[in-house]
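Student: Quick one, structure for this:
(chains A and B)
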Amino acid sequence: GAVVSQHPSRVICKSGTSVKIECRSLDFQATTMFWYRQFPKQSLMLMATSNEGSKATYEQGVEKDKFLINHASLTLSTLTVTSAHPEDSSFYICSASMGLSYNEQFFGPGTRLTVL
Amino acid sequence: LAKTTQPISMDSYEGQEVNITCSHNNIATNDYITWYQQFPSQGPRFIIQGYKTKVTNEVASLFIPADRKSSTLSLPRVSLSDTAVYYCLVVTNTGGFKTIFGAGTRLFVKA
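Tutor: Residues are numbered from 1 along each chain as shown, chains lettered A, B, ... in the order given. Predicted structure coming up:
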């Protein structure tokens, strides 16, 4: 149980286009979902926290108008990278939590975004 | 949020026990210590979590001293497949539940 999926696993897009990444909790309801970004050989950087039905809370330095997060249901959150540029190329990882206890955060497999 | 410090990298050989120590001097009363494992191009995988003393599961043990300012992840008899990055995290529920990753420890297991 406690499986989180991401789609797509890889995406290549042209500079200036927008890309949507989906994060789904397959077998549980996720009251909270997190989005991380990871550059090569670096740690995960928390971008934002989203709770179902409310606006996402972005970490300092993360542009909310560029990284649009929608948590429309208890099993789905989406991250849209708007007007993507090569510097947005990264590994994007989501995680989901039932929010009931400290260890209930399950990570997705990640999405590799390459902006040409 | 409590900052964590752990060694950048460690080397080991198959069959050995590996201990990775993490310091978290500013840990708060309500914070928990959690360890994750990450392979290249994959999402992190939960290993173990604890609050104090010792916690053991089927893959690892976690030792936390009384002052909770550090913790040690113990991996018994590592294999080549344990080569990965291991993250020590302090998970806080202050102002909302969130997890902040530190730099992690790159463990290389050699044959």
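Student: could you list every residue that touches the residue of chain A found nearest chain B?
Tutor: Using C-beta to the nearest C-beta, the point where chain A gets nearest to chain B is A:F107, with a distance of 3.5 Å. C-beta here means a position set from N, CA and C on the backbone, and glycine is covered the same way. A:F107 makes contact with A:V4, A:I93, A:C94, A:S95, B:Y36, B:G43, B:P44, B:R45, according to C-beta atoms under 8 Å, 6 or more residues apart in numbering or on different chains.
Student: Same list (those residues) but as TSV, adding neighbour count.
Tutor: TSV is the format used below for the contacts of A:F107 (neighbours: other C-beta atoms under 10 Å in any protein chain shown):
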residue	neighbour count
A:V4	25
A:I93	26
A:C94	30
A:S95	26
B:Y36	23
B:G43	22
B:P44	30
B:R45	14
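Student: Go through those and name the one nearest A:Q42.
Tutor: A:I93 (12.3 Å; C-beta to C-beta).
Student: Figure out the helix or strand that the closest one lives in.
Tutor: Here A:I93 sits within strand A:90-97, counting by DSSP states H and E.
Student: continuing past that strand, what's the next helix or strand?
Tutor: strand A:105-107.
Student: any idea what sits nearest the residue most central in space within chain A, other than its immediate chain neighbours?
Tutor: Nearest to the geometric centre of chain A sits A:W35, at 3.5 Å (C-alpha atoms, centre = their mean). Spatial nearest neighbour of A:W35, chain neighbours left out: A:M47 (4.6 Å); criterion: C-beta to C-beta, 6 or more residues apart in numbering or on different chains.
Student: So stretch B:40-52, near chain A or not?
Tutor: Yes: applying C-beta under 8 Å from any C-beta of the partner chain, one finds stretch B:40-52 in contact with chain A at B:S41, B:Q42, B:G43, B:P44, B:R45, B:F46, B:Q49.
Student: So the fourth one is in contact with B:Q38, correct?
Tutor: Yes: A contact is recorded between B:P44 and B:Q38 when judged using C-beta atoms under 8 Å, the distance being 4.5 Å.
Student: Between the two, which contacts overlap?
Tutor: The contact sets of B:P44 and B:Q38 overlap at B:Y87 (C-beta under 8 Å, 6+ apart).
Student: Contacts for the lengthiest strand in chain B next, please.
Tutor: Taking DSSP state E as the criterion, chain B has its longest strand at strand B:84-92. The contact list for strand B:84-92 (C-beta under 8 Å, 6+ apart) reads A:43-44, A:102-103, A:105, B:1-2, B:4, B:6, B:20, B:22, B:24, B:27-28, B:30-39, B:44, B:47, B:49, B:71, B:73, B:97-102, B:104-107.
Student: I am finished for the moment; much appreciated.
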